[in-house]
Structures are given as C-alpha cells and as structure tokens.
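Participant: Provide a 3D model corresponding to the input given below.
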Amino acid sequence: MSLKFKNTDRFFLELTFALIAFGLIFAFTSSSHESYRLTGFFWSLGIKQLIAFFIGFMLFILFWFLNYRVWFKVTWNLAFVILIIMILTVFTNIGKTSGGAQRWIDIGHFQFQPAEIAKFSVLLLMTRQLTVYKWFEKKSYYYIVFALAIILIILKQPDLGSAALLVLLGLQLFFLFEWPLWLLGSFIAIAAYGGFLKIQTTPYQLDRIKFWLDPFLEPQGRGYNLIQAKYALGLGSIFGSGIGSSIQKQGYLPVSHSDFIFAVIGEEIGFIGVSVIIILFLTWILRGLHLINKTQDKYGKILGTGIILLIGTQAVINITVATGLMPVTGITLPFFSCGGTSLIVTLAMCGILFNVISTNNNEHN
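Facilitator: Predicted coordinates:
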C-alpha cells in the first residue's frame, strides 16, 4: 500500500502547521521572563521547546508513514511498559517531585512526564476495546480495568486534571461508538461520584473549587493565579499589547508559559488574536472529525476520533480554566504550552492521525 502526500488533506495540514507555528512563537514569548529568572538567558525554555518540536516533528513524519494498524498490535505491550514506568515514577525515588506532585523523570537537562504517554496508551486501550469487543463481552472489561489502573496511578501523583481528562475521553468515545445509554449513564454516575469523593477528601482540591467561585476570598493566596490570569486578559483588551510585551508574565502570573499561557496570549494579541486562535482550534477539530468520518476502517475511525478528542478536549479545558470558566486543573494547551513531553506526544499523535486519513484516502482513490 503506497502512501503519498497527495492523499493528505492539504487544508487540515495547513491548520496543523498554523497551530504549531503559533505555539512555538508564544512558547518563546511567554517563557522569556521565567527563562531569565532560571538561567540568566531569555530564551532557554523556548529553545527547549524548539528542541522538543524537532523531536516531535521527526515522530510526526515517522508515524505519518507507519501504518496506523501497528498500534492495534502493540497496545498491550505499550500499556504494560507505561504502567511499570508510572508505578516507578510515583512509588520510587526515580520520580521527581515538583509543585507537590511526583510526575517527572529527569533525563539529563530535560524532564520527561510519563503521564503524557500514558494518555495515549489509555486511548489505545479504549480504541482496541471498542474495535474488537461489545460492551457485554467479558474480555471487553480487561481493557477498561487496565485503563482504570493507569488512570488511578495518574490520580495518585496527584494529577486530578489528567485523570478527569481521560475519564471524559472514555465517556466521549463510549457515547460515539455503540455503548448503550444506560451503561454510559452508569459510568458517568460512578465517575462523577468518584470525583466528588476525591474532591471532598482532598482539601487542596476542595479549595480549588472554593477559590474558583470567588478568587477574591484570598487574592494574595489561593485565588491569586486566577485573578492574575483575568488581569492579563483584561490588559489585552481588543488588540493586545503586542507580541512579547506581556506584563503579567514578568513574575505576576505563575506558570505563564504553561498552564496559563492562554492568558498571556490574550494580553499580547487581545480579543481579536485569541479569537483567531480559538477559531483555528475549532476548525482543526471539525475538519479532522469530517475527514475521519469518511474512514471505513473501524479501528482507524475510532483511533483518529480519539486523537482529535484528546487534543481538542485539552484545548477546551485549558482555555476555560484561563478564562475562569472552570477550576484550575493543570491541563496544558496543546501545541502552545511549554512542556517537551506534551509537545512531542501531541505531534506524534498528529502523525498517526495523518496516517489514518492518508491511508484511507489512498484506499478509496
């Protein structure tokens, strides 16, 4: 089976490259102050992001030309490896603690976050389960139990945001691909009750809800991040202060280059600029779903849909957090937020997505 560039949707490719380009620009501008604080050099974090881009882009090309059906075969192998790495990260000294969470492994001058690959592994488990088994078959639940084991370890780090993201991804896929509504409703009820118990028994999670509803209860404490994010968006007004001219990134807004990068974008390019970014994301999601819907292969359709939903849901969560519509979760903005592992995995998944689209276009030409 030959795979050629001509079988790729050019508009979807242009949308992807536009998101990547904008992402790299704002990764550099949003991280300049933090880079200088850490290293005395304005572009150190931006250069790390650029290196991650080159690694991710190589995987993008590789996976574009690697038949996506190979992921069906390696689902269990990858899941076992990821589960072991996650266990080592959380329960041994291999994992590095930062910000109260044990999520990272140091590799030289770079930090590697296994949870980003774990997200993809959980997606593969869900995709294979939905492809091979029906909801009433016993073997179907092996995949769900294994995926839940990975999610629970992510929760243990603790990383409630990523765990909730994966549960939400599963519910979206189950809704779209054949699970009965009564069973889906049961899963939603269980997930909601589990999340409620987790928040109720974890003081800092409960505080996130409290200070999200009214950040001015503690403006110099636990409501500080959200208040500063809103200030950044307000300072941007209609047209923004100019790329690179953010005031809030200069030590006022924490993690301005990662979790709250959207607020910095809003300050620098204003309402008009962020509207363009949001339209880009929405167009990317809708165009991707339109192309994937043409796929006749069931596994390819579910895998491609899952990748689009995973990236798209993260974008929605990050943007709603930065604008105060959701409590702070720590979910990064795909393509934009500084974080090498996140960018590499995102680009790798995009490569798989383009292979699904290109392969099926080729088969129907």
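
Participant: would you list every one of the helices in this structure?
Facilitator: For the chain, the helices defined by DSSP state H cover 10-39, 44-65, 70-73, 75-91, 114-132, 140-156, 160-176, 181-201, 203-213, 224-236, 261-293, 298-322, 340-363.

Participant: I'd like the ones you listed as JSON lines, with distance to residue 330 and mean pLDDT appended.
Facilitator: Using the backbone N, CA and C atoms, a C-beta is placed for each residue, glycine as well. Formatted as JSON lines, the helices of the chain follow (distance: least, C-beta to C-beta, whole Å; pLDDT from 0 to 100):
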{"stretch": "helix 10-39", "distance to residue 330": "16", "mean pLDDT": "93"}
{"stretch": "helix 44-65", "distance to residue 330": "18", "mean pLDDT": "95"}
{"stretch": "helix 70-73", "distance to residue 330": "27", "mean pLDDT": "96"}
{"stretch": "helix 75-91", "distance to residue 330": "16", "mean pLDDT": "90"}
{"stretch": "helix 114-132", "distance to residue 330": "11", "mean pLDDT": "92"}
{"stretch": "helix 140-156", "distance to residue 330": "11", "mean pLDDT": "86"}
{"stretch": "helix 160-176", "distance to residue 330": "5", "mean pLDDT": "87"}
{"stretch": "helix 181-201", "distance to residue 330": "14", "mean pLDDT": "67"}
{"stretch": "helix 203-213", "distance to residue 330": "10", "mean pLDDT": "73"}
{"stretch": "helix 224-236", "distance to residue 330": "11", "mean pLDDT": "91"}
{"stretch": "helix 261-293", "distance to residue 330": "13", "mean pLDDT": "96"}
{"stretch": "helix 298-322", "distance to residue 330": "9", "mean pLDDT": "95"}
{"stretch": "helix 340-363", "distance to residue 330": "11", "mean pLDDT": "89"}
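
Participant: For residue 251, which of those is the nearest?
Facilitator: When these are compared by C-beta to C-beta, helix 10-39 sits nearest residue 251, at 6.4 Å.

Participant: Go through the closest one and flag the buried ones.
Facilitator: For helix 10-39, the buried set under the neighbour-count rule, 16 or more other C-beta atoms under 10 Å, comprises 12, 15-16, 18-20, 22-35.

Participant: In contact with residue 64, which residues?
Facilitator: By C-beta atoms under 8 Å, 6 or more residues apart in numbering, the contact set of residue 64 is 3, 351-352, 354-355, 358.

Participant: Equivalent analysis for residue 249, please.
Facilitator: So residue 249 contacts 29-34, 232, 256-257, 264, 267 (C-beta under 8 Å, 6+ apart).

Participant: Could you dump the helices of the chain into a markdown table and include distance to residue 247?
Facilitator: A markdown table is the format used below for the helices of the chain (distance: least, C-beta to C-beta, whole Å):
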| stretch | distance to residue 247 |
| --- | --- |
| helix 10-39 | 10 |
| helix 44-65 | 19 |
| helix 70-73 | 45 |
| helix 75-91 | 36 |
| helix 114-132 | 31 |
| helix 140-156 | 35 |
| helix 160-176 | 27 |
| helix 181-201 | 34 |
| helix 203-213 | 23 |
| helix 224-236 | 7 |
| helix 261-293 | 7 |
| helix 298-322 | 16 |
| helix 340-363 | 26 |
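
Participant: which one of those helices lies closest to residue 246?
Facilitator: It is, among these and with distance given as C-beta to C-beta, helix 261-293, at 4.7 Å.

Participant: How about residues contacting stretch 353-363?
Facilitator: Contacts for stretch 353-363 (C-beta under 8 Å, 6+ apart): 1-5, 7-9, 12-13, 16, 60, 63-68, 288, 291-292, 294-297, 300-301, 303-304, 307-308.

Participant: same thing but at 6 Å, please
Facilitator: For stretch 353-363, contacts defined as C-beta atoms under 6 Å, 6 or more residues apart in numbering pick out 3, 7-8, 64, 68, 291, 295, 300, 304, 307.

Participant: And it, what's buried?
Facilitator: If you call a residue buried by 16+ other C-beta under 10 Å, then stretch 353-363 has these buried ones: 353-361.

Participant: How far does it sit from its chain's centre?
Facilitator: With C-alpha atoms, centre = their mean, to the nearest Å as the basis, stretch 353-363 stands 23 Å off its chain's centre.

Participant: In PDB, list the C-alpha atoms belonging to it.
Facilitator: This file holds the C-alpha atoms of stretch 353-363, laid out as PDB (Å, rounded to 0.1, in the frame of the first residue of the first chain):
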ATOM      1  CA  LEU A 353      -3.900  10.900  12.700                       C
ATOM      2  CA  PHE A 354      -2.500  11.900   9.300                       C
ATOM      3  CA  ASN A 355      -1.600   8.300   8.500                       C
ATOM      4  CA  VAL A 356      -5.200   7.300   9.200                       C
ATOM      5  CA  ILE A 357      -6.500  10.000   6.900                       C
ATOM      6  CA  SER A 358      -3.900   9.500   4.200                       C
ATOM      7  CA  THR A 359      -4.200   5.700   4.200                       C
ATOM      8  CA  ASN A 360      -7.900   5.600   3.900                       C
ATOM      9  CA  ASN A 361      -7.900   8.400   1.200                       C
ATOM     10  CA  ASN A 362      -5.400   6.300  -0.700                       C
ATOM     11  CA  GLU A 363      -7.500   3.100  -0.400                       C
END
